[in-house]
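Engineer: Provided below are the primary sequence and the corresponding predicted coordinates.
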2 protein chains.
Amino acid sequence: MSKQELPVVGQGAGVADCCPGLLTAPLDGDRAAELATVFKALGDPVRLRLLSLIASRAGGEVCVCELTPAFDLAQPTISHHLKLLRQAGLIASERRGTWVYYRLVPEATDRLAAVLTRPAEPGPTAAAARPADTAGSGPAEPAATAGAVS
Amino acid sequence: MSKQELPVVGQGAGVADCCPGLLTAPLDGDRAAELATVFKALGDPVRLRLLSLIASRAGGEVCVCELTPAFDLAQPTISHHLKLLRQAGLIASERRGTWVYYRLVPEATDRLAAVLTRPAEPGPTAAAARPADTAGSGPAEPAATAGAVS
DNA sequence: CTTCTATCTTGACGTTCTTCGATTCACGGC
DNA sequence: GCCGTGAATCGAAGAACGTCAAGATAGAAG
């Protein structure tokens, strides 16, 4: 197998430095589309359980014949979900004899975890920490009048 | 505002111990549905950029009047996406005067990052590290009988 | 070569999502 | 009390998604 997957997760070199994180800088359109593809692949309970079953396996590989009977779904449906996960770069497939084995791509999940991780938190509890300099730099003129409205 | 959000991210107490991670254990159906809701909220480029814009703001709050003109989309559409993000527990809204301000819920993204983080990696480089004991422990009987099927 | 098993692909159907225009609600100013 | 502005809701059109039945493909066994 191993057709062309979308290189959305960029498992090549220089992965860590290209992605400063979703929560740090305002994410341009291209990167948003790339990340949305991966997150959309995770946005389904069946695919989430498939990925969990594959990732939690000790040997790192699961046969399709083990995944199908766990889901009350037809085999083509499972195959379709596996294809979406593979196109998102989250899993990889390998044919061995009659059976096809799927394994996790750790770089993909590592990258997603890094994208969702905040770099550093100046506020201690991260709640109710809202300094008043908001009106000075960011939210432009409406925030400047926010203190006088009521 | 602050209607009821779906408690999918569980920002109450005992959050960290209830979720051993997506990649560790095989995820039951209920938790898969909960997580899928949050990931589905992230599975759209517009919502991803909205979240990024909100999270990367210094003061932690962004007015809707700043988000709308950044997207070439109608204002009801932005409002709809913000509602989905809020229902997923990723952001929270607060009305101040005429304007409504959105801020990130850090517990939500922290939890997602934890869910996507692998607990311990026996392989050092995590790539091309696949020992031959795969057939012995993991993939159960189909792999064991791979040499003599029927 | 034939047959069988395991998996993927194709085509179709119903559901859900994204987007918009029009309307409605909330709040402040007059 | 009335009007203007900012934001949410409602209803609808179009696209995308999830699911399955049927057929096609790859490999092993006889």
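Structural biologist: The structure has been received and is ready for your questions.
Engineer: hey, where'd the strands end up in chain A?
Structural biologist: Along chain A, the segments classed as strands by DSSP state E run A:61-63, A:91-96, A:99-104.
Engineer: For A:Ala32, find the nearest of the ones you listed.
Structural biologist: strand A:91-96 (22.7 Å; C-beta to C-beta). Any C-beta I mention is one placed from the backbone N, CA and C, and that applies to glycine too.
Engineer: So is the closest one next to chain B?
Structural biologist: Yes: for strand A:91-96, a contact with chain B is found by C-beta under 8 Å from any C-beta of the partner chain, at A:Arg96.
Engineer: Could you pull out the buried residues of that strand?
Structural biologist: Buried residues in strand A:91-96, counted by 16 or more other C-beta atoms under 10 Å in any protein chain shown: A:91-93.
Engineer: Then stretch A:64-82?
Structural biologist: In terms of neighbour count (16+ other C-beta under 10 Å), stretch A:64-82 has its buried residues at A:64-68, A:71, A:78, A:81-82.
Engineer: DNA strand D contacts on chain A?
Structural biologist: Counting by C-beta under 7 Å from any atom of the strand, chain A comes close to DNA strand D at A:40, A:43-44, A:46-47, A:72-74, A:76-77, A:80-81, A:84, A:95, A:97-98, A:142.
Engineer: Touching, A:Leu82 and A:Leu51? I think so.
Structural biologist: No: between A:Leu82 and A:Leu51 there is no contact under C-beta atoms under 8 Å: 9.6 Å.
Engineer: so what sits against both of those two?
Structural biologist: The overlap between the contact sets of A:Leu82 and A:Leu51 (C-beta atoms under 8 Å, 6 or more residues apart in numbering or on different chains) consists of A:Ile91.
Engineer: Can you pull out the low-pLDDT segments for chain A?
Structural biologist: Scanning chain A for pLDDT under 70 picks out A:1-19, A:120-150.
Engineer: In it, what residue lies closest to chain B?
Structural biologist: Nearest residue of chain A to chain B, counting by C-beta to the nearest C-beta: A:Gly59, 2.6 Å away.
Engineer: Where do the helices of chain A begin and end?
Structural biologist: All helices of chain A, identified by DSSP state H, fall at A:15-18, A:29-42, A:45-55, A:64-67, A:75-87, A:106-115, A:134-137, A:140-144.
Engineer: Dump these to CSV, plus distance to B:Gly21.
Structural biologist: Formatted as CSV, the helices of chain A follow (distance: least, C-beta to C-beta, whole Å):
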stretch, distance to B:Gly21
helix A:15-18, 21
helix A:29-42, 14
helix A:45-55, 9
helix A:64-67, 19
helix A:75-87, 17
helix A:106-115, 10
helix A:134-137, 35
helix A:140-144, 39
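Engineer: between those helices, which one is nearest to B:Ala113?
Structural biologist: With C-beta to C-beta as the measure, helix A:106-115 is the member of the helices of chain A nearest B:Ala113 (4.8 Å).
Engineer: and the closest one, anywhere near chain B?
Structural biologist: Yes: remark: helix A:106-115 sits within contact range of chain B at A:106-107, A:109-110, A:112-114, by C-beta under 8 Å from any C-beta.
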